[in-house]
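In: let me see the structure of the following:
(chains A and B)
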Amino acid sequence: MDELLTIENLSIRHAGRSLVSGVSLSVAAGERVGLIGESGSGKSLTALAAIGLLPDGMTASGSVGLAGRQVIGATDREVVGLRGAVAATIFQEPLTALDPLMRIGGQIAEVVRRRVRRDGRSLSRTEVLAEVMGLMARVALPDPARLARAYPHEMSGGQRQRAAIAMALACRPRLLIADEPTTALDVTTQAEVLKLLEMLVREENMGLLFISHDLPVVGTAVDRVLVLRAGELVEEGPVAEVFGQPRHPYTVGLVEAARAFDQAIGAAL
Amino acid sequence: MSLIDLTAVSFAYGRGRPVLDGIDLRIEAGHNLGIVGESGSGKTTILRLLLGLVRPSSGDISFRGAPIDPGDRSFMRVFRRAVQAVFQDPYSSLDPRQKIVDIVAEPLRSLKIATDVDAAVAEALSAVDLPREAAGRYPHEFSGGQRQRIAIARAIVSQPELVLADEVVSALDLTTRIRIVELLNVLSANTTLVLVSHDIGFVALLCQDLVILEKGHIVEQGPARDILSAPKHPYTQRLLESTPRLPDFA
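Out: Residues are numbered from 1 along each chain as shown, chains lettered A, B, ... in the order given. This next block holds a predicted model:
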């Protein structure tokens, strides 16, 4: 298998305190892996460590490989080269990922130009614009020509998240890291964005690391899942096995809680 | 018995477009009501109207048959004692500089309710499963779920007939969320609940009646069982279809 992300025995410490301890996971091309846990479980820190973006003061040990290149201990310059080229990230709140003073089309175009420079090529303005329109259409943003001229505050939450996904795709990454990508969205918009992500990952044969606290969302978005609690992995396996026959008491509690909410609306199934 | 009635209520901020239009709603004692909608549906504005924080642009709102008049102080004191609220964010809704005893006792002081304050606070904390010692501590010493319990204790200390809850579990983890549901279920034996939420699964666990809001209009309302088993309006159908559920892996 073409391993895109390989994390082995990852530990993260801050001010003498252990935040993540002994986490190992891997994501291959075409594989959809979920990382689930509650607040403070270390799931977002694990994702940040994977792309070398841990906040100052936190130290990581163990091994993080992105397409075979070591991230822990690498220089900023080396890791910057891996971000985008190997892995792109979508965060929970698209407003924090977008520049409020720049039109959406311009923001996507900037990523396209950076990728082209990275590949040692150049594109004309018309070619960049054509690629921006293509990316916006790919993420099903309506009326791309008009929305390309819009500022983030002029778009809905769902449109902003689609624009953030278009920017991630503009890097042509082999691995997509999605950290709570639908948590800030309404349920009807969430369903559309999840379908879009599923389609893109399948069609581009990308690897997906999907981070969420939401069991039903993870249950439908990934094939394999890892359950984190207080910085440690407590259970992992195929999603049908972990959520269908959970073994660890913590996972049992999570599944029972999720089922209770599902059963309340079960009559509608 | 009807506690609050909204009749043909519309509301607009300034001269803007109405964010609520033609709302007819009845809150009856003993019947928990869930108001469900997405961003921009007007659910928070309904809550502000129900709390008497804003007046409708048109239409009437009454409490036990009498119009709610924020200018009538003695009426509002009776109203506030009967209707309390819990908000979404347990981190911003508690004053970080006050001890829990003062936070929970606040309605007793502001509503001038003559009672043994320490005993009333201890009873409210006990009702939300927090130890008596919690009274002497500060909000930052508690987790998100515990803070939401403190906010609920503050809401019930004046023994209100109605508690309005705005997205009370949205900021909480799943396992904490289910414990708050269990707590609200116990409390609803003595208090009617109005739950405003985007989460239809949460309100379905606690409410006998549902109101579905879309873009300022009620598109469907009635018994929760009927709406969940046979949603009539296309928006309700889409809402239910979009709500993620854990697949049945068995």
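
In: going forward, measure contacts between C-alpha atoms and count neighbours the same way
Out: Fine.

In: what mean pLDDT does stretch B:168-185 have?
Out: For stretch B:168-185, the mean pLDDT works out to 88.

In: hmm, it in reach of chain A?
Out: Yes - Stretch B:168-185 is in contact with chain A by CA under 8 Å from any CA of the partner chain, via B:173-175, B:178.

In: show me where chain B has its helices.
Out: Remark: helices assigned in chain B by DSSP state H are B:43-50, B:73-82, B:100-110, B:117-127, B:144-156, B:174-187, B:200-206, B:224-229, B:234-242.

In: mean neighbour count added to the ones you listed, as CSV?
Out: Formatted as CSV, the helices of chain B follow (neighbours: other CA atoms under 10 Å in any protein chain shown):
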stretch, mean neighbour count
helix B:43-50, 20
helix B:73-82, 16
helix B:100-110, 20
helix B:117-127, 19
helix B:144-156, 25
helix B:174-187, 18
helix B:200-206, 24
helix B:224-229, 20
helix B:234-242, 17
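
In: one step back: which of the residues of stretch B:168-185 next to chain A sits closest to residue A:71?
Out: Lowest distance from residue A:71 to those (CA to CA) belongs to residue B:173, with 31.1 Å.

In: neighbours of the closest one, how many?
Out: Per other CA atoms under 10 Å in any protein chain shown, the neighbour tally for residue B:173 reads 17.

In: tally of neighbours for residue B:136?
Out: Residue B:136 has 11 neighbours, counted by other CA under 10 Å.

In: residues touching it, list them.
Out: B:99-101 (CA atoms under 8 Å, 6 or more residues apart in numbering or on different chains).

In: related to what we said a few turns ago, can I get the helices of chain B in JSON lines with distance to residue B:165?
Out: JSON lines is the format used below for the helices of chain B (distance: least, CA to CA, whole Å):
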{"stretch": "helix B:43-50", "distance to residue B:165": "9"}
{"stretch": "helix B:73-82", "distance to residue B:165": "14"}
{"stretch": "helix B:100-110", "distance to residue B:165": "16"}
{"stretch": "helix B:117-127", "distance to residue B:165": "17"}
{"stretch": "helix B:144-156", "distance to residue B:165": "9"}
{"stretch": "helix B:174-187", "distance to residue B:165": "10"}
{"stretch": "helix B:200-206", "distance to residue B:165": "11"}
{"stretch": "helix B:224-229", "distance to residue B:165": "18"}
{"stretch": "helix B:234-242", "distance to residue B:165": "21"}
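
In: pull the number of nearby residues for residue 133.
Out: Let's take chain A. 21.

In: I was after chain B.
Out: Look at residue B:133: counted by other CA under 10 Å, it has 11 neighbours.

In: so for it, what's the pLDDT?
Out: For residue B:133, the pLDDT comes out at 91.

In: how about residue A:159?
Out: Looking at residue A:159, its pLDDT stands at 91.

In: picking up where we left off before, and the contacts of residue B:136 as JSON lines, adding distance to chain A and pLDDT?
Out: Below are those laid out as JSON lines (distance: CA to the nearest CA, whole Å; pLDDT from 0 to 100):
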{"residue": "B:99", "distance to chain A": "25", "pLDDT": "95"}
{"residue": "B:100", "distance to chain A": "24", "pLDDT": "96"}
{"residue": "B:101", "distance to chain A": "27", "pLDDT": "96"}
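
In: what residue ranges in chain A score low on pLDDT?
Out: A:1, A:267-269 (pLDDT under 70).

In: need the longest helix for it.
Out: Max-length helix for chain A by DSSP H is helix A:187-204.

In: next secondary structure after that one?
Out: Remark: after helix A:187-204, the chain's next helix or strand is strand A:207-212, criterion DSSP states H and E.

In: mind exporting the helix or strand just after that following strand as CSV, just the C-alpha atoms?
Out: Moving toward the C-terminus from strand A:207-212, the next helix or strand (DSSP H and E) is helix A:215-221. C-alpha atoms of helix A:215-221 as CSV (Å, rounded to 0.1, in the frame of the first residue of the first chain):
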residue,chain,number,x,y,z
LEU,A,215,-19.9,9.3,16.0
PRO,A,216,-22.6,9.2,13.4
VAL,A,217,-20.7,11.5,11.1
VAL,A,218,-17.5,9.4,11.5
GLY,A,219,-19.6,6.3,11.1
THR,A,220,-20.6,7.3,7.7
ALA,A,221,-17.5,9.1,6.5
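
In: run through who's touching whichever helix or strand comes after helix A:215-221.
Out: Following helix A:215-221 in sequence order, the next helix or strand is strand A:224-229 (DSSP H and E). Applying CA under 8 Å, 6+ apart, the contact partners of strand A:224-229 are A:32-38, A:41-43, A:218, A:233-239, A:242, A:251.

In: if we check chain B, which of those are in contact?
Out: Answer for the contacts of strand A:224-229 near chain B (CA under 8 Å from any CA): residue A:38.
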